[in-house]
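Enquirer: Would you be able to build a 3D model of this:
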Amino acid sequence: MSELQVTKHFFEEVPSLTSERLVLRGIEPADASSIITLSVYDGVYAKTEADALAILKKINLDREKGEGIQWCILLKDQAEIVGSCSYHRGYLNNMGEIGYVLKPAYRGLGIMTEAVKLITEFGLEVMKLANVVAYVNPDNTASANVLKRAGFFQVEHGENDLKFAIRLV
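Expert: Modelled structure (predicted):
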């Protein structure tokens, strides 16, 4: 059995990523009121602006420790934050685990597929991750479809989740 290796990826600032329709950027404390419904950490969801700020502080600490990075998602022609996406839970064996959430009004428009492609490309090309994975509740077919459209394929079917991967080494 091989020994597990912990890789760190340090970013002083969250780099901005852009596509045809989207801008992904770091989340600022001034964004707190816009991200309440998007904020979750270790399964605990924000209910207030103060909760969102506390979660943002934890996420930024993870980034400073080289264990994660999170972006908010904006449409280029709007100032409103419509979602968020991230690498989280560290980089065991240089593998990046992604997570994402989109406000309901923006679902079904291809926004998350575009964002997932952006962060996956960033992870593989800039961070030089060995692979990128995502875990999805088996009942969440919309999320599984996002991953498939972004080039992921299902690699495992666990009791509580489906595992998708973009690249396996």
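Enquirer: Test for you: state the pLDDT assigned to the residue nearest to Glu156 when sequence neighbours are not counted.
Expert: In this structure, Glu156 finds its nearest non-sequential neighbour in Lys163, 3.9 Å apart by Cβ to Cβ, 6 or more residues apart in numbering. C-beta: built from backbone N, CA, C; applies to glycine. pLDDT, Lys163: 87.
Enquirer: remind me, longest helix of this protein?
Expert: In terms of residue count, the longest helix belonging to the chain (DSSP state H) is helix 49-64.
Enquirer: who's the one residue sitting closest to the centre of the chain bridged to?
Expert: In the chain, the C-alpha nearest the mean C-alpha coordinate belongs to Ser86, at 2.3 Å (Cα atoms, centre = their mean). Applying DSSP bridges to Ser86 gives these bridge partners: Gln70, Gly99.
Enquirer: Surely it touches Lys58?
Expert: No. Ser86 lies out of contact with Lys58 (Cβ atoms under 8 Å); the separation is 11.8 Å.
Enquirer: ok, now which ones touch the residue nearest to Ile35 when sequence neighbours are not counted?
Expert: With Cβ to Cβ, 6+ apart as the criterion, Ile35 has its nearest non-adjacent residue at 5.2 Å, and that residue is Ala52. Counting by Cβ atoms under 8 Å, 6 or more residues apart in numbering, Ala52 touches 32-33, 35-36, 39, 46.
Enquirer: next one: Gly90
Expert: Neighbouring residues of Gly90 by Cβ under 8 Å, 6+ apart: 6, 67-68.
Enquirer: which SS state does Val132 fall under?
Expert: strand (DSSP: H, G, I helix; E, B strand; the rest coil).
Enquirer: what about it, how many neighbours?
Expert: For Val132, the tally of surrounding residues (other Cβ atoms under 10 Å) stands at 27.
Enquirer: next one: Glu13
Expert: Neighbour tally, Glu13, other Cβ under 10 Å: 8.
Enquirer: for Ala130, same thing?
Expert: Neighbour count for Ala130, taken as other Cβ under 10 Å: 17.
Enquirer: Could you list the low-pLDDT ranges of the chain?
Expert: Within the chain, the ranges that satisfy pLDDT under 70 run 1-3, 167-169.
Enquirer: Just the C-alpha atoms of stretch 60-79, please, in CSV.
Expert: The C-alpha trace of stretch 60-79 is given here as CSV (Å, rounded to 0.1, in the frame of the first residue of the first chain):
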residue,chain,number,x,y,z
ASN,A,60,-9.6,32.1,3.6
LEU,A,61,-7.6,30.3,6.3
ASP,A,62,-7.7,27.1,4.3
ARG,A,63,-6.4,29.1,1.3
GLU,A,64,-3.6,30.6,3.4
LYS,A,65,-2.7,27.1,4.6
GLY,A,66,-2.6,25.8,1.0
GLU,A,67,-5.6,23.5,1.5
GLY,A,68,-8.3,25.1,-0.6
ILE,A,69,-9.4,28.0,-2.8
GLN,A,70,-12.9,29.4,-3.5
TRP,A,71,-14.4,31.7,-6.1
CYS,A,72,-17.6,33.5,-6.4
ILE,A,73,-19.3,33.3,-9.8
LEU,A,74,-20.6,36.4,-11.6
LEU,A,75,-22.0,36.9,-15.1
LYS,A,76,-19.8,39.3,-17.0
ASP,A,77,-22.7,41.7,-17.6
GLN,A,78,-24.0,41.7,-14.0
ALA,A,79,-22.5,42.6,-10.7
